[in-house]
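**Student:** give the three-dimensional model of this entry:
(chains A and B)
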Protein chains: 2
Amino acid sequence: MLIIATYDVSTDTAAGRKRLRRVAKICERIGQRVQNSVFECNINEIQFEELERELLAEIDKTKDNLRFYRLTEPVDLRIKQHGCFRSIDFDAPLLV
Amino acid sequence: MLIIATYDVSTDTAAGRKRLRRVAKICERIGQRVQNSVFECNINEIQFEELERELLAEIDKTKDNLRFYRLTEPVDLRIKQHGCFRSIDFDAPLLV
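**Tutor:** Okay, here's the model as predicted:
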């Protein structure tokens, strides 16, 4: 199944920025990053439970938000995208 | 139907920041903002076409990315969320 994982992690503080990096790392291990805070994860129920558990252990529920959308088959009919898709490392230092 | 609209708009330049504001405004008119760049839009096919057309007129396809996910019924079984949901004005000036 395809799970779309999206998050908003509050980065007001150093602790928040650390949470953001950790959340991103967990998602990167499991899914395909398609936008800065949007991942497409082709996983089964057990992997989904694990992903959810890992992310819940990292986020601050009073400050961050985490959403999962479950797409049904055929998923290619459920997704439409436009524009530039750069599979880049969003967490790397930005070199200008 | 429920469309999840997500976007990454490059804000390296003033023009990019202006695009971001315009994209957000369009989505706000039509959907419920659930995260910084994630909207849930309860719309029909005609409204979806209009939303897509309006957003395509704003984004820079060489720099921005726009994705739509179509959720099937029953949508409440397709969505899971955790943490803090603040329906705030993300575009307002940040007062620290």
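**Student:** A:Lys80: what's it in contact with?
**Tutor:** By Cβ atoms under 8 Å, 6 or more residues apart in numbering or on different chains, the residues touching A:Lys80 are B:Glu52, B:Arg67, B:Phe68, B:Arg70. From N, CA and C alone the C-beta is placed, and that goes for glycine too.
**Student:** how about a cut-off of 10 Å?
**Tutor:** Neighbour list for A:Lys80: B:Ile3, B:Ala5, B:Phe48, B:Glu52, B:Leu66, B:Arg67, B:Phe68, B:Tyr69, B:Arg70 [criterion: Cβ atoms under 10 Å, 6 or more residues apart in numbering or on different chains].
**Student:** so of the residues you listed, which ones are in strands?
**Tutor:** B:Ile3, B:Ala5, B:Leu66, B:Arg67, B:Phe68, B:Tyr69, B:Arg70 (DSSP state E).
**Student:** same list, those, but as TSV with pLDDT please.
**Tutor:** Listed next are these as TSV, based on pLDDT from 0 to 100:
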residue	pLDDT
B:Ile3	96
B:Ala5	98
B:Leu66	97
B:Arg67	97
B:Phe68	97
B:Tyr69	97
B:Arg70	96
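**Student:** now, of those residues, which are buried?
**Tutor:** B:Ile3, B:Ala5, B:Leu66, B:Arg67, B:Phe68, B:Tyr69, B:Arg70 (16 or more other Cβ atoms under 10 Å in any protein chain shown).
**Student:** the last one contacts A:Pro74, doesn't it?
**Tutor:** What it means is B:Arg70. No: applying Cβ atoms under 10 Å as the test, B:Arg70 and A:Pro74 come out as separate, 11.1 Å apart.
**Student:** overlap of the contact sets of the two?
**Tutor:** What both B:Arg70 and A:Pro74 touch, as defined by Cβ under 10 Å, 6+ apart, is an empty set.
**Student:** now do the helix ranked longest in chain A, average pLDDT.
**Tutor:** When chain A is parsed with DSSP state H, its longest helix is helix A:14-30. Averaging pLDDT along helix A:14-30 gives 96.
**Student:** does chain B have contacts with that helix?
**Tutor:** No: residues of helix A:14-30 are not located near chain B by Cβ under 10 Å from any Cβ of the partner chain, the shortest gap being 10.8 Å.
**Student:** so what touches that helix?
**Tutor:** By Cβ under 10 Å, 6+ apart, helix A:14-30 touches A:3, A:5-11, A:13, A:33, A:36-43, A:47-48, A:50-51, A:54-55, A:57-60, A:63-64, A:66, A:89-91.
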